[in-house]
Structures are given as structure tokens and as C-alpha cells.
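Chemist: this is a predicted model, with the sequence first.
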Amino acid sequence: MHLLNADLHCHSTFSDGSLPPEELARRAHANGVQLWALTDHDEIAGQAPARAAAEALGLVYVTGVEISVTFIGETVHILGFDFDLENPALVQGLAALRAGRDQRARDMGESLARAGIPGAYEGACAYAGNPDLVSRTHFARFLVESGHCASVHEVFSRYLKEGKPGFVPHRWAGLGQALDWIHGAGGVAAIAHPARYRFTPTEELALFTEFASHSGQGVEVTCGAHFPDEVTRYATMAAEFGLLASRGSDFHAPEESRIALGELPDLPGKCTPLWSLWADRLQHLPPAEHTGAHAALPA
Ligand code: AMP
Ligand code: MN
Ligand code: MN
Ligand code: MN
């Protein structure tokens, strides 16, 4: 089961990725991915084209989403998998989350204008493939292209992180609410990239405890945003909390992402993979062939 090449985290033009679902499917397939999920931020409009493209290439596809959550004042991302795309509470909940994004983006534009960067709202919108889903990533691309910063990374450090001039606080879904949407639609939830939150150990414990108390089942252990020591740490946390481990590149764009689709190390051996839940759908797959699945993460 471990030698399966599963990539359960990436973004398309329906959120802040730069490629459409069909092109992501093509790249996933070319890189040896066998089990794939597209997980756009707060949006499932890309699911049907992603599934169609994946299945045409022989990939096993599970539906996915990455829900923005506010937990004790910090933004946390919760991945949802294998849910019913038509579930009304989920569909309406995600629509409500997206609805708050336009005003936030306008406020970010004004905030950046005060910091000496005019036209950023319009600039970001021009990069957004989905007018409902303007994200900080689109602002970052605009600031790079317009010469204000050399890289997306620099934009976040100088302008878009909390405390910086373009940052606008926003209230996303509650943790219990997001888990209710996913579970109510028959899906399974996983904490995305846990190492990337600025929690104290006590706060992190609270996140895992509350997530598990709401029947959350998974955590991303091997992902594009985790360094090797973090992979080890969250493999241990997964075992302690009885969580299943997920693996995902969080691929956004060829020029921006450190890791290509499927090109991640394998899950640590002590993990129980999230996809053990879907074993019946995976039995026909051969062991992963692509060597990238076993390569070490770059430092
Ligand atoms: P938003 O949902 O609009 O707040 O945008 C969040 C997105 O910004 C994340 O999903 C990442 O794609 C991107 N992001 C956040 N922090 C950084 C960072 N430090 N460097 C590059 N991209 C980032
Ligand atoms: Mn993103
Ligand atoms: Mn995320
Ligand atoms: Mn993501």
C-alpha cells in the first residue's frame, strides 16, 4: 500500500493554481501518480473536469477540496476527500466562504495602495481564473509581474503575511463547521500541512484534539511544505492521535512550486495511509514505478 504514488493535494485555475485540471491530470500521469485528488481552495467547480481527465488517463480519482478555516485566530487549511459533490450544506458552505473573498480582495487592494502599490485589486483579478476565488497568490503574481518584487515568496514576506501592509484579516469557516460539511457529504477530512501554522505546542495540541473530537481522520504527513524532520514529527503525531497519513505536493504552478505532482518521498513506514480507506478501488494498481516517489526532499 505504501508504494502507491498518491498525490492528494494540488490547485488548478479554479483556485490559485496556474494550470487547468486537464493539464494537472496530464502532468500527474506523466509523473507516475496513480491516485490523485485536485484540492482547490474553497471550490469544487474543477472536480468534474479533473475526474474526467484523470480517469481517461487511468488514474484513480477522489474528489477533493481545501477548506479555509479560522481556528483560535489563525488560518488553518482542512482537506476534504471523497465527498458527495452535490451535498447542499457543503455546496452552500463553500459558496458562502467564496463570497467573502471579493470584499477581502478589494480591502487588500486599498491596503496595498496605501503602501504605494496602486491597482493591485484589478491586477490580481486579471490573474484569477475564477472571479469568485481571488487569493493572495493572485496578488503575489501581480506584484511580481509588475516589478514590485522579484518572487512570490518575497511578496508574501514583504506584503501579504500577517502584520504586513497588504494583509487583511479574514474570518473563514469554523473547524467544526468545515468538518461537518465534509462528513455530512460522506467525506473524510485531513489537516493540511500542519507544520506551516504558527502555533505554540499547546495550540497545536488543541488543533489536533479538536479535529479528532469532531471525527477528523487524517493529517498530511508528507507534503510539499514539509521538511524531513517535520515529516517525522507529524508521522509521530498521526500515530499518537490515531490519524491516517496523507501525501500531497500542494502543487500550484511550474514556476512557483518546489515539488512537481507526485514527486514526493513515500510516507514513513509507520504511517497508515489515508488511502487504506479506499483499498477496494486501488487493488488493481501495480506498485509505484516512479523513482521520484522515493527521492529525498530537497533541503
Ligand atoms: P488566501 O487563501 O487568499 O489567503 O491565499 C493563501 C495561499 O497563499 C496559500 O494557499 C498559498 O498558495 C499562498 N501562500 C501563503 N503563504 C505563502 C508564502 N509564504 N509563500 C508563497 N505562497 C504562499
Ligand atoms: Mn494556494
Ligand atoms: Mn494550504
Ligand atoms: Mn494547498
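Modeler: Looks like it came in fine. Everything numeric in this text was worked out from a predicted model, so none of it was measured. Ligands and ions are numbered 1, 2, ... in the order given.
Chemist: tell me the domain boundaries of this protein?
Modeler: 6-92+173-294, 102-160 (automatic domain parsing).
Chemist: tell me the mean pLDDT over the shortest one?
Modeler: Averaging pLDDT along domain 102-160 yields 97.
Chemist: ok, and does that domain reach over to ligand 1?
Modeler: Yes: among the residues of domain 102-160, S135, R136, T137, V152, H153, F156 lie within reach of ligand 1 under C-beta under 6 Å from any ligand atom. Backbone N, C-alpha and C define where each C-beta goes, glycine included.
Chemist: then the first one?
Modeler: Yes: contact between domain 6-92+173-294 and ligand 1 is present through D16, H41, S68, H252 (criterion: C-beta under 6 Å from any ligand atom).
Chemist: on that earlier part again, which members of the residues of domain 102-160 next to ligand 1 are the farthest-apart pair?
Modeler: By the measure C-beta to C-beta, S135 and H153 form the most distant pair in these, at 15.5 Å.
Chemist: of those two, which one has the most company?
Modeler: Counted by other C-beta atoms under 10 Å, S135 and H153 do not tie: S135 has more neighbours, with 22 against 12.
Chemist: how about the more buried one, nearest residue that isn't a chain neighbour?
Modeler: Spatial nearest neighbour of S135, chain neighbours left out: D16 (4.3 Å); criterion: C-beta to C-beta, 6 or more residues apart in numbering.
Chemist: for L277, same thing?
Modeler: Nearest to L277 is V188, by C-beta to C-beta, 6+ apart, at 6.2 Å.
Chemist: now do the phi/psi pair for that neighbour.
Modeler: phi -120, psi 140 (degrees, to the nearest 10).
Chemist: could you find the closest non-adjacent residue to the residue of the chain found nearest ligand 4?
Modeler: Minimum separation of the chain from ligand 4 (C-beta to the ion) falls at D250, amounting to 4.4 Å. Nearest non-adjacent residue to D250, counting by C-beta to C-beta, 6+ apart: G224, 4.2 Å away.
Chemist: the one you found touches E256, doesn't it?
Modeler: No: contact criterion C-beta atoms under 8 Å: G224 and E256 do not qualify, at 10.7 Å.
Chemist: neighbour-wise, which of these two wins?
Modeler: More crowded of G224 and E256, by other C-beta under 10 Å: G224, with 23 against 17.
Chemist: please tell me how far the more buried one sits from E66.
Modeler: Separation of G224 from E66 (C-beta to C-beta, to the nearest Å): 13 Å.
Chemist: hey, what's in contact with both of the two?
Modeler: H9 (C-beta atoms under 8 Å, 6 or more residues apart in numbering).
Chemist: rewinding a little: which residues touch the residue nearest to D250?
Modeler: G224 touches H9, H193, G248, S249, D250, F251, S257, R258, I259, L264, counting by C-beta under 8 Å, 6+ apart.
Chemist: if we use 6 Å, what do you get?
Modeler: Applying C-beta atoms under 6 Å, 6 or more residues apart in numbering, we find G224 in contact with S249, D250, I259.
Chemist: can you give me phi and psi for it?
Modeler: Dihedral angles (degrees, to the nearest 10) for G224: phi -60, psi -20.
Chemist: in the stretch 1-150 of the chain, which spans are strands?
Modeler: 6-7, 35-36, 60-61, 64-71, 74-81 (DSSP state E, counting those that start in this stretch).
Chemist: circling back to that earlier point, for the domains of the chain, give me TSV that also has distance to G166.
Modeler: Putting those into TSV (distance: least, C-beta to C-beta, whole Å) gives the following:
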stretch	distance to G166
domain 6-92+173-294	15
domain 102-160	4
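Chemist: please identify the deepest-packed of the ones you listed.
Modeler: domain 6-92+173-294 (a mean of 20; mean count of other C-beta atoms under 10 Å).
Chemist: now do it, average pLDDT.
Modeler: 96.
Chemist: is it up against ligand 3 anywhere?
Modeler: Yes: Domain 6-92+173-294 reaches ligand 3 (C-beta under 5 Å from the ion) through H77, A192.
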